[in-house]
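S.K.: Sequence and predicted model, in that order:
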Amino acid sequence: MIISQFSTGAPTPELVAETLQAALQNANADHANSVLLFLTPHFTSKVLSVLQTTTRVSRCLQVSGSIVSSLLTDVASSQGRPACAALVFTESHSFQTGSGPLCECWFGHTPPQKLECFTGALISPQGGPASPAWRSGRLSPTQQVCINLPGTQADGFLSQGAQALTAPLPVSENYGQDLVALGSQRALPMLARELPVEWRALPDIPINRLAAGLVEGNPEDAIPQGRYRLLPIQGTNAVTQTVTLSETPPPRSWIFWAQMQPDQAERNLRHQLIHLQERSFDPLFGLVVSTRLRGLSLPDQENRDLALLRKTYPGMPFIGIQADTVLSQTDDGHMASYPFALAITVFNQA
């Protein structure tokens, strides 16, 4: 049996102990085989004592997890409160701590050199001593955790929730991250012309609600097939008529302008969940990764996402975290970053 448990309250080892005891009681078990444990930053100074408490109460050493800025389960979400969430594996279910880039689920505070996993979450690009992660009941020296789940089959998707404002055009001029022109059009005037009517009178372009869609593969059908990555817009320059992106577009790139739109995000997610459900023959649990920029650009989207997931998979335990970006492999095998994404992975009985 796999049980999810969520608690809020004073950020102490005692709260974590109560959370694990409740999960074991719900599973009618006296010990766990594995525990996936996530904590909000309120617990940072108490991580070592929390890990000692977790291994003692669960009576297992296979404890992995991390400090995350926000977390959620099928029951509730932290919403800025001190909280802990655990996915407790009992009976015939467990996970194993992996090594290297090849695994089913990776998360960490420092970027990996290579990644070949189904779900990847970069929680903090800077890392640092205040961003701990743990594996096998101990702090991870690399601030990274990689786990495998034997006896399961993973299936999932990335949802980016964007509404295209333009068709893709080739990048005809750029200086590093500064985009000068798409096709024959200057970047900033083109973006300004395509803004929704209600935004055009604003004193500043709301760049937190906009993104550049970097096409992957054939640009003709990339948007309907979802073959693109959304790049944050870091700034604009009215003098040079340029738009500064979060990264330098590769040579011969195609880009389109996109708006982060709540209704479109909900439609995309509903459509993808329906197709995922059709492929889910015996779902055991789910893992959810939502990025910080998705939350900022789509207010209240977390509640919409949770409602749709619960409706699609009633009673299925899942645990989720907020990350800086989702990491995934592109079709050509490279590791790519998706800073506006929601990643949902369902693990089925193999």
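M.R.: Cool, the structure landed.

S.K.: show me where the chain has helices.
M.R.: Under the criterion DSSP state H, the chain contains helices at 13-26, 47-58, 187-193, 262-279, 292-297, 301-312.

S.K.: Tell me which residues are up against the shortest one.
M.R.: Contact partners of helix 292-297, identified using Cβ atoms under 8 Å, 6 or more residues apart in numbering, comprise 69-70, 161, 208-209, 211, 232, 260, 265, 301-302, 322-324, 339-342. For the C-beta atoms, the positions are set from N, CA and C on the backbone; glycine is no exception.

S.K.: In ChimeraX, how would I select the buried members of the residues you listed?
M.R.: Of those, the buried ones can be selected in ChimeraX as follows, counting by 16 or more other Cβ atoms under 10 Å:
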select :69,70,161,209,211,232,260,265,301,302,322,323,324,339,340,341,342
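
S.K.: low-scoring stretches of the stretch 101-250 of the chain, by residue?
M.R.: Along the stretch 101-250 of the chain, the parts satisfying pLDDT under 70 run over 101-103, 118, 125-130.

S.K.: Walking through it, point out its strands one by one.
M.R.: Using DSSP state E, counting those that start in this stretch, the strands of the stretch 101-250 of the chain run over residues 102-108, 116-122, 133-135, 138-139, 144-148, 152-159, 162-164, 169-175, 178-182, 185-186, 210-215, 228-237, 242-245.

S.K.: Columns distance to His93 on top of those, output as JSON lines?
M.R.: As requested, the strands of the stretch 101-250 of the chain are exported to JSON lines (distance: least, Cβ to Cβ, whole Å):
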{"stretch": "strand 102-108", "distance to His93": "14"}
{"stretch": "strand 116-122", "distance to His93": "18"}
{"stretch": "strand 133-135", "distance to His93": "18"}
{"stretch": "strand 138-139", "distance to His93": "22"}
{"stretch": "strand 144-148", "distance to His93": "13"}
{"stretch": "strand 152-159", "distance to His93": "8"}
{"stretch": "strand 162-164", "distance to His93": "36"}
{"stretch": "strand 169-175", "distance to His93": "48"}
{"stretch": "strand 178-182", "distance to His93": "48"}
{"stretch": "strand 185-186", "distance to His93": "55"}
{"stretch": "strand 210-215", "distance to His93": "39"}
{"stretch": "strand 228-237", "distance to His93": "34"}
{"stretch": "strand 242-245", "distance to His93": "43"}
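
S.K.: show me the residues around the residue nearest the centre of the chain that make contact.
M.R.: With distances taken as Cα atoms, centre = their mean, the residue of the chain nearest its centroid is Val289 (2.8 Å). Shown in contact with Val289 (Cβ under 8 Å, 6+ apart): 107, 119, 121, 320-323, 326, 341-343.

S.K.: Perfect, that will be all.
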